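> Need a 3D model of the following:
(one chain, ligands or ions: 1)
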Amino acid sequence: MPFSSGEQELIGLDERGDRSIIGFVGIGSNLGDPLANCVDAINRVDSSRGIRVVRRSSFYHTEPFGNREQDWFVNAVVEIRTILTPGELLHTLQSVETAMGRVRGGEKWAPRSIDLDILFYGQHLVNDPGLAIPHPELHKRRFVLIPLNEIAPYVIHPAFGVSIKGLLSRIRDESLVKIISEESSQTFGTL
Ligand code: AMP
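Numbering: from 1, shown residues only. Sure thing, here's the model as predicted:
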């Protein structure tokens, strides 16, 4: 039976726990109050239909990648459970970005009020126009792998067959990633 994404289904999902997918979403911001933007985005994702945030990493101050002539980012990664399809999940995350004032279509490395990327969707590989999972850059970026390693070191990258910990040990990126507070990682309510 195809997934349907009503609230009733989500309650059923929470009790059975057998129809959801575990995913990881990267969060980033470097405009306005970046930390507040990240917190706001996580809360919006957690209250979206068909998605629950299970855990989040600490927040990190990270040196901009690509265009270095801009403010540092705040980044984090959250673990989610979802009954949405990959396309529905992308659509929901883009709706959160738009609701938070993200203007699409700017240059690739431009400053942004909020950026939400699907890193993993279970162990699925997706290669559609406009959606690639695992995110094609995640293994190259310390600002993704460091928070991901904090909450999911033993998750295997399904295309490379290597753990997050293993990817981090091989990375060439040397940009700075500084934890904001070691106490700031958080487990959300039980599903
Ligand atoms: P960005 O400017 O980095 O937020 O890139 C946004 C574009 O990347 C969107 O138009 C998406 O269609 C596309 N995209 C491809 N794969 C992903 C993914 N795994 N997560 C989020 N966006 C993705």
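> if I look at the most centrally placed residue in the chain, how far off is the ligand?
Geometric centre of the chain, nearest residue: residue 25, 1.5 Å, by C-alpha atoms, centre = their mean. Note on residue 25: its distance to the ligand, by C-beta to the nearest ligand atom, to the nearest Å, is 8 Å. To be clear about C-beta, it is placed using only N, CA and C from the backbone, and glycine gets the same treatment.
> Tell me how far that residue lies from residue 47.
14 Å (C-beta to C-beta, to the nearest Å).
> Likewise for residue 65?
Where residue 47 is concerned, residue 65 sits at a distance of 30 Å (C-beta to C-beta).
> Give me the more crowded residue out of those two.
Legend: neighbour count by other C-beta atoms under 10 Å for residue 65 and residue 47, higher for residue 65 (17 against 11).
> Once you drop chain neighbours, what's closest to that one?
residue 175 (5.7 Å; C-beta to C-beta, 6 or more residues apart in numbering).
> give the contact list for the one you found.
Applying C-beta atoms under 8 Å, 6 or more residues apart in numbering, one finds that residue 175 lies in contact with 62-65, 142-143.
> residues in the chain within reach of the ligand, list them.
Applying C-beta under 6 Å from any ligand atom, we find that the chain lies next to the ligand at 90, 115, 117-118, 130-133, 135.
> Appreciated, that's everything.
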